[in-house]
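Undergrad: Give me a 3D structure for the following:
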Amino acid sequence: MSLLEKSEIREVQGISNQQKLRIIDFLQGAVYSWCKNRANEWFSMRDLMGGDNFYWEGTPLYELFQKHINLGKNADDAIGAAGKDSGWILKKVIVNDKRKFETKKEELIRKYRWNGNK
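TA: Predicted coordinates:
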């Protein structure tokens, strides 16, 4: 078991199982694309979804933002909270992936890199 598999994985609450599965599938596709096109590069949730910009509308990730808006948060706080939720879901995707990944914490965010092994 890797260090990543031993670390905490939090379940994101407040969205349906169907919404969560759509987000997992969406992020799995993003991870596959990253590994195919940038195999040796580190990535984080920010990297997969366009840096610090919030371009989630039209994707399953938008449900995370909407969840926090529905909880009464303003847009900036909802974006931050949705970003944290998406990071927890990405971590789950990485741990459950058939490939093996390295991980590190840098600039207060979790980063991953495919180590080339399955």
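Undergrad: Give me the most central residue, this structure.
TA: For the chain, the residue nearest the mean C-alpha position is residue 90 (2.8 Å; C-alpha atoms, centre = their mean).
Undergrad: what sits up against the one helix or strand that residue maps to?
TA: Element membership of residue 90 [criterion: DSSP states H and E] is helix 75-96. Helix 75-96 has contacts (C-beta atoms under 8 Å, 6 or more residues apart in numbering) with 4-5, 7, 9-12, 20, 23-24, 27-28, 31, 44-46, 48-49, 54, 56, 61, 64-65, 67-69, 71, 73, 101, 103, 109-110, 112. (Glycine included, C-beta is placed from N, CA and C.)
Undergrad: switch the cut-off to 6 Å
TA: 4-5, 9-10, 12, 23-24, 27-28, 45, 54, 61, 64-65, 68-69, 101, 112 (C-beta atoms under 6 Å, 6 or more residues apart in numbering).
Undergrad: Stretch 22-30 too?
TA: Contacts for stretch 22-30 (C-beta under 6 Å, 6+ apart): 48, 60, 89, 90, 93.
Undergrad: would CSV of the residues you listed with pLDDT and distance to residue 36 be doable?
TA: Shown next, in CSV, are the contacts of stretch 22-30 (pLDDT from 0 to 100; distance: C-beta to C-beta, whole Å):
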residue, pLDDT, distance to residue 36
48, 92, 13
60, 96, 21
89, 97, 21
90, 97, 17
93, 96, 16
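Undergrad: one step back: ok, and for the helix holding residue 90, which residues are buried?
TA: By neighbour count on 16 or more other C-beta atoms under 10 Å, the buried set for helix 75-96 is 78-79, 81-83, 85-95.
Undergrad: Lovely, talk soon.
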